[in-house]
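In: all I have is the shape, not the residue letters:
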């Protein structure tokens, strides 16, 4: 048995066009209401895992890694680092959609969000991984996922 680490292929990354349609039903988490209320106030909150102390964003009441019930909401920063991303091609008359997974300052997990701004139009988005971005709120948040998006810092 070979225990040597697996190395990434030497070839460059390539992108595959794919699409899917998915209907989803899920249990409403008890921490959704306070999370959305915080968004309405232009605040970002996560939850602390009582077993590990890790802060998870967005908050959820059950932590899969530790099998713990989490209830302690904690603030997280509006800035963070892009950990990975996916680019969704735009319609023929519009720019692509860039979905980034951002680890916010003070959080130990990354969550998906939309990246807006000039960086969305770049041909090769891979250099954006590791870049800093910040959450930007709508002028009048309604208490939902569309209340904020990310823009690159600087």
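Out: Received the coordinates, thanks. Keep in mind that what you see is a predicted model, and the values were worked out from it rather than measured. Residues are numbered from 1 along each chain as shown.
In: residue 133 versus residue 87, what's the distance?
Out: 15 Å (C-beta to C-beta, to the nearest Å). For the C-beta atoms, the positions are set from N, CA and C on the backbone; glycine is no exception.
In: equivalent analysis for residue 30, please.
Out: For residue 30, the distance to residue 133 - C-beta to C-beta - is 29 Å.
In: and these two? Which one has more around it.
Out: Comparing residue 30 with residue 133 by neighbour count (other C-beta atoms under 10 Å), the higher total belongs to residue 133, at 25 against 13.
In: tell me which helix or strand the closest residue to residue 78 other than its chain neighbours sits in.
Out: Excluding the flanking residues, the one nearest residue 78 by C-beta to C-beta, 6 or more residues apart in numbering is residue 135, at 4.3 Å. Using DSSP states H and E, residue 135 sits in strand 132-137.
In: if you count neighbours, what's buried in that strand?
Out: Buried residues in strand 132-137, counting neighbours by 16 or more other C-beta atoms under 10 Å, are found at 133, 134, 135, 137.
In: repeat for stretch 99-110
Out: 100, 101, 102, 103, 104, 106, 107, 108, 109, 110.
In: I'd like the mean pLDDT over it, please.
Out: Mean pLDDT, computed over stretch 99-110, is 97.
In: what do you get for stretch 38-51?
Out: 98.
In: let's have the chain start at 45 instead
Out: Happy to do that; since the first residue is 45 now, the last one works out to stretch 82-95.
In: what residues of that stretch count as buried?
Out: For stretch 82-95, the neighbour count (16+ other C-beta under 10 Å) marks 82, 83, 86, 88, 89, 90, 91, 92, 93 as buried.
In: distance from stretch 99-114 to the middle of the chain?
Out: Relative to the mean C-alpha coordinate of its chain, stretch 99-114 is positioned 16 Å out (C-alpha atoms, centre = their mean, to the nearest Å).
In: give me the sheet partners of the strand of greatest length in the chain and which way each runs.
Out: When the chain is parsed with DSSP state E, its longest strand is strand 123-132. According to DSSP bridges, strand 123-132 forms sheet pairs with strand 141-148 (antiparallel), strand 176-181 (antiparallel).
In: quick one on the thing from earlier: among the buried residues of stretch 82-95, which ones are in strands?
Out: Counting by DSSP E, these contribute 89, 90, 91, 92 to strands.
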